[in-house]
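Asks: Here is a sequence together with a model predicted from it:
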Amino acid sequence: MQTTFSPVMASDWRLAFLTSREKAFTKIYARTYPMVLHYVKQHQGTPEDAQDMLQEAIIIFYEKIMHEEFSLTAAVSTYLMSICKNKWRQELEKRNRQQRLSAAGEPEQEEATETDPEYATQKLISYVEQLGKKCQDILVSFYYSGYSMSQIAQQHQYRNVHTATVQKFKCLERLRNSLASFTIHHFR
């Protein structure tokens with residue numbers, strides 16, 4: 001089994017994940033994180049932002065690699081960097097919109113209807129609540145409260161940030177599995 005960072009067939013990565021998922025994640029993370037950190041810091045971000053971007057990119061890569069149709073035509077680090085760059089640009093745009101909204105004043109609150117984005121958020125929260133207290137705490141702390149992974153690791157008394165990150169990934173995986181039978185139409 002080949003696990004270098006040159007272009008490798010997707011089936012080789014699929015086998016690496018099936019054989020030792022944590023080892024494959026660790027290799028990918030160790031190789032790619034310095035590049036993502038450099039990019040994010042150059043573009044108004046923090047090390048925690050870089051960690052978040054890379055974790056999301058690795059999850060996307062993992063999900064794609066486990067589908068038989070996926071074809072990897074570049075090094076994994078190159079592929080992940082492109083995902084991180086796109087996600088970071090989106091994050092910066094989102095932060096800029098939020099700053100403009102808060103500078104303009106808060107919009108009036110209305111009751112959520114099925115066509116409101118708030119309604120979809122409420123539905124998603126109900127699915128998060130079904131995950132159990134531990135996963136719910138981790139995901140809510142990270143995505144809604146904005147805690148860093150180091151804060152979450154300390155809060156839940158994990159040995160280190162990596163352990164907390166792995167737990168967050170497992171919780172996200174459980175959430176995705178519970179939402180697998182739903183389509184976008186369920187959130188409209």
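Replies: Okay, I see it.

Asks: Flag the shaky bits of the protein, pLDDT-wise.
Replies: For the chain, the stretches with pLDDT under 70 are 1-11, 68, 104-125, 128, 179-188.

Asks: Let's see that with 50 instead.
Replies: 1-7, 107-112, 188 (pLDDT under 50).

Asks: in the helix ranked longest in it, what's buried?
Replies: Identified as the longest helix of the chain according to DSSP state H is helix 10-42. Using 16 or more other Cβ atoms under 10 Å as the test for burial, helix 10-42 gives 10, 13-17, 24-25, 27-29, 32-33, 35-37, 39-40. For the C-beta atoms, the positions are set from N, CA and C on the backbone; glycine is no exception.

Asks: again, but for stretch 85-101
Replies: Neighbour-count burial for stretch 85-101, with 16+ other Cβ under 10 Å as criterion, is recorded at K85, K87, W88, E91.

Asks: C135 - how many residues pack around it?
Replies: By the criterion of other Cβ atoms under 10 Å, C135 has 20 neighbours.

Asks: Work out for me the element it sits within.
Replies: Of the helices and strands defined by DSSP states H and E, C135 is found in helix 133-139.

Asks: which helices and strands sit right next to the helix or strand following that helix?
Replies: Next helix or strand after helix 133-139 toward the C-terminus (DSSP H and E): helix 149-155. Applying 3 or more Cβ pairs under 8 Å, 6 or more residues apart in numbering; DSSP states H and E, we find helix 149-155 packed against helix 47-65, helix 161-179.

Asks: Helix 149-155: which residues count as buried?
Replies: M149, S150, Q151, I152, A153.

Asks: likewise stretch 134-151?
Replies: Applying 16+ other Cβ under 10 Å to stretch 134-151 flags C135, Q136, D137, I138, L139, S141, F142, Y147, S148, M149, S150, Q151 as buried.

Asks: Which pair in these has the greatest spatial separation?
Replies: Greatest spatial distance among these (Cβ to Cβ): Q136 and S150, at 19.8 Å.

Asks: which residues does the most centrally placed residue in the chain contact?
Replies: Using Cα atoms, centre = their mean, the residue of the chain that lies closest to the mean C-alpha position is E56, 2.6 Å off. By Cβ atoms under 8 Å, 6 or more residues apart in numbering, the contact list for E56 reads I83, K87.

Asks: same thing but at 10 Å, please
Replies: L80, I83, C84, K87, E91, F169, L172 (Cβ atoms under 10 Å, 6 or more residues apart in numbering).
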